[in-house]
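S.K.: turn this into a structure:
(2 chains)
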Number of protein chains: 2
Amino acid sequence: MARTRNPERAARDRHATLELPVSAAASVALPDPFALYRGGTLHGARIAYESWGRLNAARDNAILLFTGLSPSAHAAATELDPTPGWWQRMIGPNLAIDTSRHFVICVNSLGSCFGSTGPASVDPATGERYGVSFPELAVEDIASSAFAAVQALGIERLFAVVGASLGGMSVVAFAAQFPAAARRLITISGSAAASPFAIALRSVQREAILRDPDWQGGHYSPEHPPRSGMRLARKLGTITYRSAAELRQRFGREPLAGNARSLSQFAPRFAIEGYLETQAERFTRIFDPNCYLYLSSAMDRFDLAEHGGSAAAALRAVSSESVLVLGVESDMLFPIYEQAGIAEAFEQNGLPTRFVRLPSLEGHDAFLVDIPRFGAEIRRFLS
Amino acid sequence: MARTRNPERAARDRHATLELPVSAAASVALPDPFALYRGGTLHGARIAYESWGRLNAARDNAILLFTGLSPSAHAAATELDPTPGWWQRMIGPNLAIDTSRHFVICVNSLGSCFGSTGPASVDPATGERYGVSFPELAVEDIASSAFAAVQALGIERLFAVVGASLGGMSVVAFAAQFPAAARRLITISGSAAASPFAIALRSVQREAILRDPDWQGGHYSPEHPPRSGMRLARKLGTITYRSAAELRQRFGREPLAGNARSLSQFAPRFAIEGYLETQAERFTRIFDPNCYLYLSSAMDRFDLAEHGGSAAAALRAVSSESVLVLGVESDMLFPIYEQAGIAEAFEQNGLPTRFVRLPSLEGHDAFLVDIPRFGAEIRRFLS
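M.R.: Numbering: from 1, shown residues only, chains lettered A, B, ... in the order given. I've put the predicted structure just below:
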């Protein structure tokens, strides 16, 4: 399937997101109005996506890929954007997600800022950016908007639905809402309901943004976003996305290169602090703070048990042929017992479920870097 | 021994710390000048302390107690301050630290703000608060100033030196600097050198304060301290002082009581967020932000191996009769392998060392709350 591009829309997105990088993603219109899970409604909303491989004539070889909180739809290089994507070594011809057999679609989450409609987009009703007037976003909306997007591309049933982190939550939200729409499900380092530890960390991240005077009640100008708050939020995220053991191995107590004596006494001293700086600077340049707040809050509120009283009840109608649940033993943010809980909920409904506890050192982010372990499991499951 | 009180000094402290609560602690003068480990010098410095029990005629029954980063010297109720102290159930007649046998002295750390000299104190050279002109503080200074204080009270050798968290670091810094000054050592949930994970978390806590516009480069007025930054720092601390498992058990996904719909969409929703609020509000009212920055930085830089090339070398001259090292398996901030490392360093020097991994659920803070487990170990070791 050729990717549709709408130059007018691209120009509008460019205006709406201002300093945000222009995505090479195509986009499709959502049904108008588009009803949200917690009661709001969007008009003229769109979902940005990138794709790899070709949809077959039977339209039954498509894989839908959800992202974590922060990535764009650029999961791998494309003709339009040859830079490496966030899952570059996982998606391609003969790779674990094999684009010689499958048509892979990665969506930018509804509420994000890489081409999909979100708080950084222009509200057609006002001609101004939504900002904090954007309706409350739920993980369910990320799932339902993505399904609407693939339906708009002519796909009614997916060969597989895949996601990690927030994407892993989105997969189970997808399954609960569209129980017959995916032959296979892969949920990685996800959760059926955020833990108080994760809620606590995210609430501190959000508070760092909310208390940054530059946030301006959500009405910051794109030229002066709340950078300090975003930096703190991202640094804290970066710490919890890895494991203490990995940080110890990678950084130890190495001093920060080039740390001059002339700097303030509280300036970074250790290499680990330089790593956090790099991560925070990169993220702060490209991610919209209000989008961050909405997506972060959606993760806190997500509770699969809202769909029928329990996680198992939520998945009762799921007719997928098989389910793969992956988790990482060193994940402090989405601890392994949460993936065990997801697997159990599928199993209670008699669904063939493979649950794997991976011993990766890299914590919550392991799916991004431990490609050998994750790739082997995903390849086997999809073939 | 009767506690000395100096009304003039108390008035000066009250002025120096302004909004900080007036401590019931007595204080003793440090040698003047008092040389600091990393090169600075203090004049007219004092150490605040509280004490329980009586020093015997041989002056050999004294126990020196170091605190964590945030507490005052008020470890237990006294006649002057009958409110419960931070280790109330641990210290008293016939308790684990038995004040019917021992004279217990708890010091407020040098650099803190509860009566001891620190950044919130008035610099006698200028008549102004030190603020960020305070010289760099090291854990070694907390140890050496405390020893100078007990020497000023007429004590040359301690029956025991005890501390947890920063206090656990202070105990090993004490041992390295005064290897013959303590018959017994108890170091709890401490570290011989901060891990990159702990450094990363503390650097984010400090950055929250440093980036708060109210910090004013360290020159905030006591009426307008950087409260937002302190709130964030304390909330993050609170999260990491406990364990995810304990938060899950205590709070689960309980909604916050009284959370009104009229509040902002980003207002706290969950009980865990209310807990963080309470902790942050309490701390922000009583703790000086510059003191926090100095103590936090001192913890990052502490590395016992600076004393001779390795932790074991640092403890080579220690002549203590026995050592107790306690750690908690659920501690994410000072993980159990760090206490194992401390124990190993003592053992390599042939010192009789008992190392206990406690299965408490409460993480780094367990020593404050799991009194049955900690008390049993400490009681047995001291008797």
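S.K.: which residue is nearest the middle of chain A?
M.R.: In chain A, the C-alpha closest to the average C-alpha coordinate belongs to A:Gly68, at a distance of 2.1 Å (C-alpha atoms, centre = their mean).
S.K.: quick one, what contacts that one?
M.R.: Neighbouring residues of A:Gly68 by C-beta atoms under 8 Å, 6 or more residues apart in numbering or on different chains: A:Ala164, A:Ser165, A:Leu166, A:Gly167. Just so you know, the C-beta spots here come from the backbone N, C-alpha and C atoms, and that holds for glycine as well.
S.K.: could you identify the most distant pair in these?
M.R.: The most widely separated members of the contacts of A:Gly68 are A:Ala164 and A:Leu166, with 8.2 Å between them, by C-beta to C-beta.
S.K.: so what sits against both of the two?
M.R.: Any residue near both A:Ala164 and A:Leu166 by C-beta under 8 Å, 6+ apart counts here, and that gives A:Phe66, A:Gly68, A:Gly190.
S.K.: and the last one, how far from A:Ser165?
M.R.: Distance check for A:Gly190 against A:Ser165: by C-beta to C-beta, to the nearest Å, it reads 7 Å.
S.K.: the second one now?
M.R.: Using C-beta to C-beta, one obtains 4 Å as the distance from A:Gly68 to A:Ser165.
S.K.: circling back to that earlier point, tell me the SS of the residue nearest to the centre of chain A?
M.R.: Put simply, A:Gly68 is coil when judged by DSSP: H, G, I helix; E, B strand; the rest coil.
S.K.: residue contacts, the nearest residue to A:Gly53 once chain neighbours are set aside?
M.R.: Nearest in space to A:Gly53, with sequence neighbours left out and distances taken as C-beta to C-beta, 6 or more residues apart in numbering or on different chains, is A:Thr99 at 3.6 Å. Taking C-beta under 8 Å, 6+ apart as the definition of contact, the neighbours of A:Thr99 are A:Trp52, A:Gly53, A:Ile91, A:Gly92, A:Pro93.
S.K.: tally of neighbours for the last one?
M.R.: Meaning A:Pro93. Residue neighbour count, defined by other C-beta atoms under 10 Å in any protein chain shown, stands at 10 for A:Pro93.
S.K.: what does the model give it for pLDDT?
M.R.: Looking at A:Pro93, its pLDDT reads 98.
S.K.: and the nearest residue to it once chain neighbours are set aside, what does it touch?
M.R.: If the residues on either side of it in the chain are set aside, A:Pro93 comes closest to A:Ser100, at 4.3 Å by C-beta to C-beta, 6+ apart. For A:Ser100, the contacting residues are A:Gly53, A:Pro93, A:Asn94, by C-beta under 8 Å, 6+ apart.
S.K.: those residues in helices, which ones?
M.R.: Within those, no residue falls in helices by DSSP state H.
S.K.: just the strands in the stretch 251-383 of chain A please.
M.R.: A:322-328, A:353-358 (DSSP state E, counting those that start in this stretch).
S.K.: list the helices and strands the longest one packs on?
M.R.: What it means is strand A:322-328. strand A:182-188, helix A:336-348, strand A:353-358, helix A:366-369, helix A:371-382 (3 or more C-beta pairs under 8 Å, 6 or more residues apart in numbering or on different chains; DSSP states H and E).
S.K.: get me the contact residues on the stretch 201-350 of chain A for chain B.
M.R.: Applying C-beta under 8 Å from any C-beta of the partner chain, one finds that the stretch 201-350 of chain A approaches chain B through A:201, A:203-204, A:206-208, A:210-211, A:213, A:228, A:231-232, A:235-236, A:238-239, A:244, A:247-248, A:250-253, A:265-266, A:268-273, A:276, A:293, A:297, A:300-301, A:303, A:332, A:335.
S.K.: let's see it at 6 Å
M.R.: Residues of the stretch 201-350 of chain A lying close to chain B (C-beta under 6 Å from any C-beta of the partner chain) are A:203-204, A:206, A:208, A:210-211, A:228, A:232, A:235-236, A:239, A:244, A:247-248, A:251, A:266, A:270, A:272-273, A:293.
S.K.: hmm, back to that, any of the contacts of A:Gly68 buried? List them.
M.R.: With neighbours counted by 16 or more other C-beta atoms under 10 Å in any protein chain shown, the contacts of A:Gly68 contain buried members at A:Ala164, A:Ser165, A:Leu166, A:Gly167.
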